[in-house]
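J.: What would the 3D arrangement of this be:
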Amino acid sequence: MLRIEQVTAKALERVGNDKYLLTAAVSKRSNELANGAQALIVVDSKKVKFTDIALQEIAEGLILVSCEN
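T.: I've put the predicted structure just below:
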């Protein structure tokens, strides 16, 4: 797994450098993971925070976030 700063930079690029949109997407996906959704990446969810998993999924393009208004 990449350093969190690298993952965040990659995820920001995916959402058109919109920090608010990224925050909302990570929050929504983290809640889904906390409520039992399966992670789309191979990771031990007991050792990695849900927010980090969500951020990684967005950075890898597994979660699509719309940049349109």
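
J.: Sketch out the low-pLDDT regions of the protein for me.
T.: For the chain, the stretches flagged by pLDDT under 70 are 1-2, 67-69.

J.: what's the single longest helix in it?
T.: With residue count as the measure and DSSP state H as the assignment, the chain has helix 19-34 as its longest helix.

J.: and the closest residue to residue 52 other than its chain neighbours, how many residues sit next to it?
T.: Take residue 52 and drop its neighbours on the chain: the residue closest to it by Cβ to Cβ, 6 or more residues apart in numbering is residue 4, 6.8 Å away. Backbone N, C-alpha and C define where each C-beta goes, glycine included. Other residues near residue 4 come to 12 when the count uses other Cβ atoms under 10 Å.

J.: same deal with residue 45?
T.: A count of nearby residues for residue 45, using other Cβ under 10 Å, gives 14.

J.: The residue most central in space within the chain sits in which helix or strand?
T.: The residue lying closest to the centre of the chain (Cα atoms, centre = their mean) is residue 55, at 2.2 Å. Secondary-structure element containing residue 55, defined by DSSP states H and E: helix 50-59.

J.: Much appreciated, bye for now.
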